[in-house]
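**Student:** curious how this folds, go ahead:
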Amino acid sequence: MYAAAAGLLIDLLDALTKSVAGLFRDRGPAALVHWQPYALLVVGGAGLLLTQSSFQAGSLALSLPLIDTIEPIGAVLIGAAVFHERLATSGYLAIQILGAALAVSGIVILDRSPLVRASNAPS
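**Tutor:** Residues are numbered from 1 along each chain as shown. Down below sits the predicted model:
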């Protein structure tokens, strides 16, 4: 649960970072009168706390794959829904989907590696 929550907060952190960067680009120091820079600090701290809590609550082999899978998927969904970023079409979309499938497959393969399991075994 900690890992899933951490992954979702990292997604929110990605969106806030984009928003804050745009504010500073457009308004300079006047961006500090908006709520986004302060929300960025709070969400960043909470994400760090949840990430570290997930690492301490169980083995790294359980928490890291979940965080690494949720983060890019959520980032794409937030980018498309909130920032109206366009996803690639036709052949490029197929390449992106293939890349996402390969990334998730790599995470699963690494998670099941005997080397990862052995390094997380209690001493």
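
**Student:** who's in contact with the helix or strand where residue 101 lies?
**Tutor:** In this assignment (DSSP states H and E), residue 101 forms part of helix 90-111. Judged by CB atoms under 8 Å, 6 or more residues apart in numbering, the contacts made with helix 90-111 from elsewhere in the structure are 61, 64-65, 68-69, 72-73, 87-88, 116. Every residue, glycine included, has its C-beta placed from N, CA and C.

**Student:** next SSE downstream of the longest helix along the chain?
**Tutor:** Of all the segments assigned as helix in the chain under DSSP state H, the longest by residue count is helix 2-27. Counting by DSSP H and E, the next helix or strand C-terminal to helix 2-27 is helix 36-57.

**Student:** avg pLDDT for that next one?
**Tutor:** Per-residue confidence for helix 36-57 averages out to 95 on the pLDDT scale.

**Student:** ok, stretch 91-105 next?
**Tutor:** Model confidence over stretch 91-105 averages 85 on the pLDDT scale.

**Student:** just the CA atoms of that stretch, as CSV, please.
**Tutor:** What follows is the C-alpha trace of stretch 91-105 in CSV, where atoms were taken according to Å, rounded to 0.1, in the frame of the first residue of the first chain:
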residue,chain,number,x,y,z
GLY,A,91,3.1,3.7,-35.8
TYR,A,92,4.6,5.9,-33.1
LEU,A,93,1.8,4.9,-30.6
ALA,A,94,2.6,1.2,-31.3
ILE,A,95,6.3,1.8,-30.6
GLN,A,96,5.4,3.6,-27.3
ILE,A,97,3.1,0.8,-26.2
LEU,A,98,5.8,-1.8,-27.1
GLY,A,99,8.3,0.3,-25.0
ALA,A,100,5.9,0.4,-22.1
ALA,A,101,5.3,-3.4,-22.3
LEU,A,102,9.1,-4.0,-22.4
ALA,A,103,9.6,-1.7,-19.4
VAL,A,104,7.0,-3.5,-17.3
SER,A,105,8.4,-6.9,-18.5
